[in-house]
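Trainee: sequence-free structure coming up:
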Ligand SMILES: Cc1cc2nc3c(=O)[nH]c(=O)nc-3n(C[C@H](O)[C@H](O)[C@H](O)COP(=O)(O)OP(=O)(O)OC[C@H]3O[C@@H](n4cnc5c(N)ncnc54)[C@H](O)[C@@H]3O)c2cc1C
């Protein structure tokens, strides 16, 4: 088996992803779980409404125990963000923030929901008039323009690098970046101007004309992309044609097996909708993990028979 081919890859290391990893790994499949526990919504939470865990327990402790359990059952764990997904025949090809590429027979989206608002004056006023939340959706509107991106994780850095293909000038405003060394060096070697500061206001008249910084001079810009968090589920799902719910277009749509419209792709946890609760995420993860492993094993058997 190729080093880079997995049966099940799980994007997300929160309760949904971890439970999916445990159940998939126990079904004799090669499983990789990507993502950082520090970026899980559970990390800073104090849990007292989860059955079987008495008292108040720190979310970060629950996550650490879960990762250890998953590793015990054979899950490979890597704290890398996924930046790109494509389909090659019956396999999925993932590009990670380190530049590494991996293939998988099945895929589970367990990326949670990110709170994307910057919450500064002007943000709501100019939404859709220079304020955007999706580089992949809106980059084309900024051909030849000056744009800024703000955020401190992979979504912001990858977004700024993508915008270089469209805009004449790209700023990245982010105080401390939490990305892999590889992605950081791609940023430093690029023409993106990284400003270590935070945005305090977005200004303009009919549309955005500038952003105000906490410590530095204002930046004149035609647009500001608010890309907080990791590379978002919405963008990754759109890249590969996964359908979202038809009411809010905010959640991935699944059937009772947590399978999406694309055979081999499953989703679990907050990403498929409320209630945003650990108990529900764990339940979803269990169903998705088992279903994805069953799918991958059957595909693997067929591929092996065809090769023989
Ligand atoms: C302050 C707070 C308090 C809470 N209190 C409670 C409570 O008391 N009880 C309760 O039941 N629930 C509580 N919750 C909700 C609970 O934490 C969530 O419902 C749960 O964490 C959702 O799990 P998830 O696995 O779906 O997503 P998350 O736990 O958010 O995990 C998402 C994972 O996806 C990863 N990821 C995202 N994008 C990418 C990418 N591009 N590539 C790779 N990885 C990626 C992240 O790194 C992270 O590991 C609370 C939440 C918050 C914020």
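Mentor: Received the coordinates, thanks. This is a predicted model, so every value here is computed, not measured. Numbers count the residues shown, from 1 in each chain.

Trainee: run through the residues that contact the closest residue to residue 171 other than its chain neighbours.
Mentor: Excluding its sequence neighbours, the residue lying closest to residue 171 (Cβ to Cβ, 6 or more residues apart in numbering) is residue 148, at 4.2 Å. Placement of C-beta: from N, CA and C, glycine included. Contact analysis of residue 148 by Cβ atoms under 8 Å, 6 or more residues apart in numbering lists 170, 171, 172, 173, 211, 219, 221, 223, 224, 225.

Trainee: change it to 10 Å
Mentor: With contact taken as Cβ atoms under 10 Å, 6 or more residues apart in numbering, residue 148 is in contact with 130, 160, 163, 167, 169-173, 193, 195, 199, 202, 208, 210-211, 213, 219-226.

Trainee: residue 214 too?
Mentor: Contact analysis of residue 214 by Cβ under 10 Å, 6+ apart lists 173, 175, 197, 198, 199, 200, 201.

Trainee: and if we set it to 8 Å?
Mentor: By Cβ under 8 Å, 6+ apart, the contact list for residue 214 reads 197, 198, 199, 200.

Trainee: mind checking which of the residues you listed land in strands?
Mentor: Among the contacts of residue 214, the ones falling in strands (DSSP state E) are 199, 200.

Trainee: can I get the buried ones among the contacts of residue 214 as something I can paste into PyMOL?
Mentor: In PyMOL, this line selects whichever of the contacts of residue 214 come out buried by 16 or more other Cβ atoms under 10 Å:
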select buried, resi 197+198+199
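
Trainee: nearest to the ligand: which residue in the stretch 201-308 of the chain?
Mentor: Proximity of the stretch 201-308 of the chain to the ligand (Cβ to the nearest ligand atom) peaks at residue 269, 2.2 Å away.

Trainee: excluding sequence neighbours, find me the nearest residue to that residue.
Mentor: Using Cβ to Cβ, 6+ apart and skipping residues adjacent in sequence, the residue nearest residue 269 is residue 16, 2.8 Å away.

Trainee: wait, residue 218 sits on residue 202?
Mentor: No: counting by Cβ atoms under 8 Å, residue 218 does not reach residue 202; the two are 10.4 Å apart.

Trainee: now do the contacts for the closest residue to residue 96 other than its chain neighbours.
Mentor: If the residues on either side of it in the chain are set aside, residue 96 comes closest to residue 80, at 4.4 Å by Cβ to Cβ, 6+ apart. Contacts for residue 80 (Cβ under 8 Å, 6+ apart) come out as 34, 35, 96, 97, 98, 100, 180.

Trainee: mind checking how far residue 80 is from the ligand?
Mentor: Distance check for residue 80 against the ligand: by Cβ to the nearest ligand atom, to the nearest Å, it reads 7 Å.

Trainee: list the buried residues of the helix or strand bottoming out on mean pLDDT in the chain.
Mentor: Lowest mean confidence among the helices and strands of the chain (mean pLDDT, DSSP states H and E): helix 135-138, at a mean of 77. For helix 135-138, burial by neighbour count (16+ other Cβ under 10 Å) applies to 135, 136, 138.

Trainee: again, but for stretch 300-308
Mentor: Those would be residue 300, for stretch 300-308 by 16+ other Cβ under 10 Å.

Trainee: from the chain's centroid, how far away is it?
Mentor: Using Cα atoms, centre = their mean, to the nearest Å, the distance from the centre of stretch 300-308 to the centre of the chain it belongs to is 32 Å.

Trainee: and the longest strand seen in the chain, what does it pack against?
Mentor: Using DSSP E to define each element, the chain has its longest strand at strand 101-109. Judged by 3 or more Cβ pairs under 8 Å, 6 or more residues apart in numbering; DSSP states H and E, strand 101-109 is in contact with strand 5-11, helix 15-25, strand 91-96, helix 233-240, strand 265-267, helix 278-307.

Trainee: quick one: mean pLDDT over the fourth one.
Mentor: Translated: helix 233-240. Mean pLDDT, computed over helix 233-240, is 83.

Trainee: kindly report the same for the last one.
Mentor: Per-residue confidence for helix 278-307 averages out to 96 on the pLDDT scale.

Trainee: ok and the residue in the stretch 51-200 of the chain nearest the ligand?
Mentor: residue 112 (2.4 Å).

Trainee: pretty sure that residue is touching residue 14, no?
Mentor: Yes: with contact defined as Cβ under 8 Å, residue 112 counts as touching residue 14 (5.4 Å).
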